[in-house]
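1. what would the 3D arrangement of this be:
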Amino acid sequence: MSDNKLLELSFEFAVVIVNLVDGITTPKSSYMTDQLARAGTSVAAICMIY
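-> Next up is the predicted model:
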């Protein structure tokens with residue numbers, strides 16, 4: 001485990017979200033999947049900055 005637990009957990013969460021979004025194949029849900037991808041990965045991106 002690294003010293004920054006929040007960074008590690010948020011990165012793992014972002015990976016799960018990306019894998020989930022990649023598995024969604026319904027074309028009608030493109031807005032929702034895009035929003036899920038943006039929201040689910042934003043915490044990890046912010047944690048990497050600090």
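2. now do the contacts for A45.
-> A14 (CB atoms under 8 Å, 6 or more residues apart in numbering). Where you see a C-beta, it was placed from the backbone N, CA and C, and this is true even at glycine.
3. just the element for it, please.
-> Using DSSP states H and E, A45 sits within helix 30-49.
4. now F11
-> helix 5-23.
5. restrict that helix to CA atoms and write it as CSV.
-> Taking C-alpha atoms only, helix 5-23 is exported to CSV below (Å, rounded to 0.1, in the frame of the first residue of the first chain):
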residue,chain,number,x,y,z
LYS,A,5,-4.6,5.7,0.7
LEU,A,6,-7.1,8.2,-0.9
LEU,A,7,-5.2,8.3,-4.1
GLU,A,8,-5.0,4.5,-4.3
LEU,A,9,-8.7,3.9,-3.6
SER,A,10,-9.9,6.6,-5.9
PHE,A,11,-7.7,5.2,-8.7
GLU,A,12,-9.1,1.7,-8.1
PHE,A,13,-12.6,3.2,-8.2
ALA,A,14,-11.9,4.9,-11.5
VAL,A,15,-10.7,1.7,-13.0
VAL,A,16,-13.9,-0.1,-11.9
ILE,A,17,-16.0,2.7,-13.4
VAL,A,18,-14.1,2.7,-16.7
ASN,A,19,-14.5,-1.1,-17.0
LEU,A,20,-18.2,-0.8,-16.2
VAL,A,21,-18.7,1.9,-18.9
ASP,A,22,-16.8,-0.2,-21.4
GLY,A,23,-19.2,-3.1,-20.8
